[in-house]
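K.L.:
From the sequence below, what's the structure:
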Amino acid sequence: MELSRTGRLAALTTAVFFALAGCGGAASTVPQGAMTQSRPHMASTYNSILYVMRYSKYVDMLTYPGLKAIGTFTYPDNRPFGQACPDDLTGSIYFPNSSGQPNAGLLEYADGGTAPIGSLEPTPGHFAVNCAVDPSTGNIAVVLATRAQTSSYVGIYAPGSSHPTKYGYPNLRWYASCRYDSSGNLFVLGETNTYQSVLLELPKGGSKLTKLSLHVKAYITLGFPIQWDGSYITIQSLNLENRILTILRLSVSGSATTVVGKTELRGAAMAVWIQDGNTVITGRYPNHLEGHRNIAFYNYPGGRLRSVFRGLEYKENQILFLAVATLPSDSHKRK
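P.N.:
Here you go, the predicted model:
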């Protein structure tokens with residue numbers, strides 16, 4: 001499906017924030033090495049933690065769902081970039097630390113921690129854009145790209161490994177995001193050389209990415225990562241004119257996908273994180289396009305705005321980049 005001018009504008013506007021995050025900075029100085037994913041859950045005193053990344057070097061931590069501030073930390077060198085991903089078993093959370101800089105990968109933070117405890121380095125010349133943790137194996141899938149967007153691919157790191165298994169698909173210029181479902185199937189959203197959105201799947205135990213049908217009327221905004229809501233894979237479409245973010249729920253059967261429902265979030269912006277299958281956490285527009293500094297909570301899949309959190313003290317020009325919540329340690333167990 002080819003993006004129209006309106007669709008491209010939405011994608012471009014979102015991409016601008018990603019591009020801005022890439023201005024300056026060097027790769028992380030955290031020692032290289034494979035992440036430790038077999039560590040038991042480092043239980044914090046909180047049920048769950050909401051990490052709020054600003055367009056700056058700062059990450060705020062709030063209790064969830066209580067929304068009490070419990071700390072702030074800064075990235076070692078770069079601004080947050082791309083989609084963070086929590087590991088629901090260990091409690092760790094992984095942040096792409098690239099800012100679009102080559103040779104920068106993921107940083108691992110312990111549950112409630114304020115300093116990185118590990119790193120995962122990409123192949124030379126690449127940087128991490130997006131990541132997902134397989135709930136059944138602990139594998140980490142990472143979307144890896146180059147500045148020229150000429151050799152992007154998905155790398156899957158087994159627990160304790162520093163060398164990924166690479167997966168690519170012909171004629172894709174950009175791999176935008178990835179997400180596992182609860183069974184360990186990996187879904188990847190990307191774009192072809194002719195600017196068509198493509199949905200791919202790496203079935204659990206599979207050896208190659210396969211293309212899924214993607215017949216939707218809405219224009220897919222690649223800057224919003226693909227999600228798994230507990231039952232369906234979801235993709236997003238942002239309409240800047242009326243400030244409505246639409247979440248499309250896709251049922252997958254073989255190589256075919258079917259839109260089984262949609263959720264409209266009015267006033268939503270920039271970030272989407274579906275928590276516990278019933279709440280969407282996102283940034284929210286105030287009275288103007290710039291400076292969306294509030295965190296909004298929507299019922300899902302209904303889309304009704306539940307509440308807006310305005311308690312973070314942002315300085316001028318600091319905006320909400322992304323909000324990601326971890327789950328309690330007993331929410332999911334690997335099979």
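
K.L.:
What's the per-residue pLDDT of the most centrally placed residue in the chain here?
P.N.:
Ranked by distance to the mean C-alpha position of the chain (CA atoms, centre = their mean), the top residue is Q83 at 2.7 Å. Note on Q83: pLDDT of 76.

K.L.:
any idea how far the spatially closest residue to L67 that is not a sequence neighbour lies from D111?
P.N.:
Leaving aside its chain neighbours, L67 sits nearest to F309 (5.5 Å; criterion: CB to CB, 6 or more residues apart in numbering). Quick note: C-beta positions are derived from backbone N, CA and C, even for glycine. Distance, F309 to D111, by CB to CB, to the nearest Å: 21 Å.

K.L.:
More neighbours: those two, which one.
P.N.:
D111 (19 against 16; other CB atoms under 10 Å).

K.L.:
Apart from its neighbours in sequence, what residue is nearest that one?
P.N.:
In space, D111 is closest to G91, 3.2 Å off (CB to CB, 6+ apart).

K.L.:
So that neighbour: helix, strand or coil?
P.N.:
Here G91 is recorded as coil under DSSP: H, G, I helix; E, B strand; the rest coil.

K.L.:
my read: it touches G113, true?
P.N.:
No. Applying CB atoms under 8 Å, one finds G91 not in contact with G113, separated by 9.4 Å.

K.L.:
check contacts around the residue lying closest to R284 once chain neighbours are set aside.
P.N.:
Counting by CB to CB, 6+ apart, R284 lies nearest to A296, which is 3.8 Å off, once chain neighbours are set aside. A296 makes contact with 265, 267-268, 281-284, 305, 307-309, according to CB atoms under 8 Å, 6 or more residues apart in numbering.

K.L.:
Go again with 10 Å.
P.N.:
The contact partners of A296, by CB atoms under 10 Å, 6 or more residues apart in numbering, come to 265-269, 271, 280-285, 305-309, 320, 323.

K.L.:
Also Q275?
P.N.:
Neighbour list for Q275: 48, 50, 64-65, 229, 281, 297, 300, 323-327 [criterion: CB under 10 Å, 6+ apart].

K.L.:
Let me see the ranges of the helices in the stretch 201-335 of the chain.
P.N.:
Assigned by DSSP state H, counting those that start in this stretch, the helices in the stretch 201-335 of the chain number zero.

K.L.:
Where does the prediction get shaky in it?
P.N.:
Scanning the stretch 201-335 of the chain for pLDDT under 70 picks out 269-270, 285-293, 313-322, 327-335.

K.L.:
Would you map the strands across it?
P.N.:
Here the stretch 201-335 of the chain has its strands, by DSSP state E, counting those that start in this stretch, at 210-212, 227-228, 233-239, 244-253, 256-266, 268-275, 279-284, 294-299, 305-309, 320-325.

K.L.:
So for F95, which of these sits nearest?
P.N.:
strand 320-325 (8.9 Å; CB to CB).

K.L.:
Quick check: closest non-adjacent residue to S92.
P.N.:
Excluding the flanking residues, the one nearest S92 by CB to CB, 6+ apart is E108, at 5.3 Å.

K.L.:
re earlier: can you give me the neighbour number for the residue nearest to D111?
P.N.:
Using other CB under 10 Å, G91 is surrounded by 24 other residues.

K.L.:
could you point out where the stretch 51-200 of the chain is predicted with low confidence?
P.N.:
Applying pLDDT under 70 to the stretch 51-200 of the chain picks out residues 55-56, 76-82, 98-102, 148-151.

K.L.:
Which parts of it are strands?
P.N.:
Under the criterion DSSP E, counting those that start in this stretch, the stretch 51-200 of the chain carries strands at the ranges 58-63, 69-74, 85-86, 93-96, 106-109, 118-120, 127-133, 140-145, 153-157, 165-167, 172-180, 186-192, 197-202.

K.L.:
how distant is the third one from the center of its chain?
P.N.:
Translated: strand 85-86. Averaged C-alpha coordinates place strand 85-86 at 8 Å from its chain's average position (CA atoms, centre = their mean, to the nearest Å).

K.L.:
ok, residues contacting it?
P.N.:
Outside strand 85-86, the residues that touch it by CB under 10 Å, 6+ apart are 48-49, 51, 92-96, 106, 109, 111, 130-133, 140-142, 178-180, 225, 273, 324-327.

K.L.:
List only buried entries from those residues.
P.N.:
48-49, 51, 92-96, 106, 109, 111, 130-133, 140-142, 178-180, 225, 273, 324-327 (16 or more other CB atoms under 10 Å).

K.L.:
Tell me the bridge partners for N294.
P.N.:
R284 (DSSP bridges).

K.L.:
That one contacts A271, doesn't it?
P.N.:
No. Applying CB atoms under 10 Å as the test, N294 and A271 come out as separate, 11.3 Å apart.

K.L.:
Who has more neighbours out of those two?
P.N.:
A271 (27 against 20).
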